[in-house]
Every structure is written in structure tokens, then in C-alpha cells.
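Trainee: I would like to see how this sequence folds:
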Amino acid sequence: MKAINISAPVLKRLVILDILEHKDSFHDCEIKVYAESLRVDKLLKAICDVKDLRLSDDSIETLSKAGLTENLLKFSNLKYVRLSVGVDLFNGEYLTELLHYLPNMECLFIDYGLGVCESEEDGVTDHVTPRDFLSNLKLVEVWEFSGSKNELCFLKLLLKNTRALETMTIISSSELLSDPDKQLEVTKQLLMVPKGSMHSVIDIS
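Mentor: Numbers count the residues shown, from 1 in each chain. Okay, the predicted model is just below:
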């Protein structure tokens with residue numbers, strides 16, 4: 001995969017024109033933009049045709065606070081979403097809000113677990129969702145799963161409300177692997193969750 005880094009603190013305007021037939025097309029290319037002055041809403045419009053999108057905890061929070069999360073509804077081709085939340089404190093409500101605006105997402109990848117929330121009200125909620133909530137989500141893959149309350153709440157939310165889910169793969173962190181009793185307990189909790197998809201399989205290792 002090719003990588004393009006754009007660093008321009010005073011950049012005011014960015015247009016990304018991709019012609020698939022061209023030999024220098026952005027196909028299979030990662031573009032990172034560092035531009036403090038660039039309007040986020042304009043940037044979203046420029047990349048609304050992407051099929052694969054990576055979001056960090058900072059970008060999720062920024063979209064929410066700016067009231068721009070709903071702009072993701074325009075990403076009609078977006079099938080693969082990769083989240084890099086990390087292990088720092090993170091408000092899970094931002095993540096719950098994000099999921100409501102990704103109706104076409106088919107695969108969700110979480111690189112480094114979901115972090116630890118400072119208090120219960122900051123965690124990911126497991127309330128009832130609309131029937132069309134993540135109606136196309138088929139695959140969930142979580143790496144560095146620590147078994148935290150926040151992570152369990154989030155995964156329970158997905159299991160209960162995703163009606164097309166086929167596979168949820170969970171790769172435990174070294175910390176969780178070193179505590180077999182905790183690993184067994186969190187596994188039991190996930191297996192006991194009433195599933196929205198009767199055909200979904202949970203693979204925990």
C-alpha cells in the first residue's frame with residue numbers, strides 16, 4: 001500500500017481527485033492529512049467516496065464536538081471501518097454516536113481495544129437501538145481486548161443489535177491472557193448475551 005503524508009498547518013483548501021484508470025491512482029493508498037486550518041466538513045466531503053476508513057479517538061471526538069458525525073451518512077460506499085482508540089481515557093458516548101451514522105458498514109476492526117473510561121456515565125451505553133442500526137455489519141474484529149467494563153458493554157451492544165452479524169473475533173491482550181479466571185468470566189458474559197443475529201459466532205482467543 002502506498003502512503004501519502006500531507007503536512008500543511010495553514011492549508012485552507014484541499015481537493016482530492018482520483019481517476020481510477022490513471023496509473024498514479026490513489027487505489028490501495030493511505031492518505032494522512034495534517035492541516036490545522038482545514039475545515040473538517042470540507043475534508044469529509046472530499047473523501048466521502050472511500051470504502052475503507054480509519055478513525056482515531058481524537059478524530060471521533062472532534063467529529064462529535066463539531067456536530068459533524070452525521071456527515072458520515074454521506075459515505076455511502078464505506079464498508080470497512082478501522083478504529084484506533086488506544087488505552088487512554090475515552091468517552092464511549094462518542095463511539096456510540098458514531099455507530100448510528102455508519103449504516104452501510106460491513107466490517108469493523110478495532111486495533112487496540114477500547115480504552116478505559118473514567119466513570120460509568122462515560123462508558124458505551126447498551127440501550128435499545130433503532131431496527132436499522134448497523135443493519136449491514138457482518139464482521140467485528142477486536143485486538144488487544146482487555147475485558148474492561150467499557151469493552152464488554154460495547155461488544156454486548158453489538159451482539160444485541162446487529163442482525164446481520166456473522167463473526168465476532170476477539171484477540172485477548174497479554175494482560176487478559178495472564179488471568180485465566182478473568183478471561184473465562186468475560187467469555188461467559190459474552191456468550192450469554194441475547195444475540196440480534198441467531199447465526200453469529202464469537203471466536204475468543
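
Trainee: Look up the pLDDT of the most centrally placed residue in the chain for me, please.
Mentor: Nearest residue to the geometric centre of the chain (C-alpha atoms, centre = their mean): L83, 3.9 Å. Listed pLDDT for L83 reads 88.

Trainee: residues in contact with the closest residue to it other than its chain neighbours?
Mentor: Closest residue to L83 apart from its sequence neighbours, by C-beta to C-beta, 6 or more residues apart in numbering: I110 at 4.8 Å. All C-beta spots, glycine's among them, are computed from the backbone N, C-alpha and C. Applying C-beta atoms under 8 Å, 6 or more residues apart in numbering to I110 gives the contacts R82, L83, V85, V140, E141, V142, W143.

Trainee: and I110, bridged to which residues?
Mentor: With DSSP bridges as the criterion, I110 is bridged to L83, V142.

Trainee: Please report the distance of it from L184.
Mentor: Distance, I110 to L184, by C-beta to C-beta, to the nearest Å: 22 Å.

Trainee: Which of the contacts of I110 are buried, as a PyMOL select command?
Mentor: The PyMOL selection below is limited to those of the contacts of I110 classed as buried (16 or more other C-beta atoms under 10 Å):
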select buried, resi 83+85+140+141+142
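
Trainee: okay, the contacts of I110 in CSV with distance to E30 next?
Mentor: As requested, the contacts of I110 are arranged in CSV below (distance: C-beta to C-beta, whole Å):
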residue, distance to E30
R82, 11
L83, 16
V85, 19
V140, 22
E141, 19
V142, 22
W143, 19
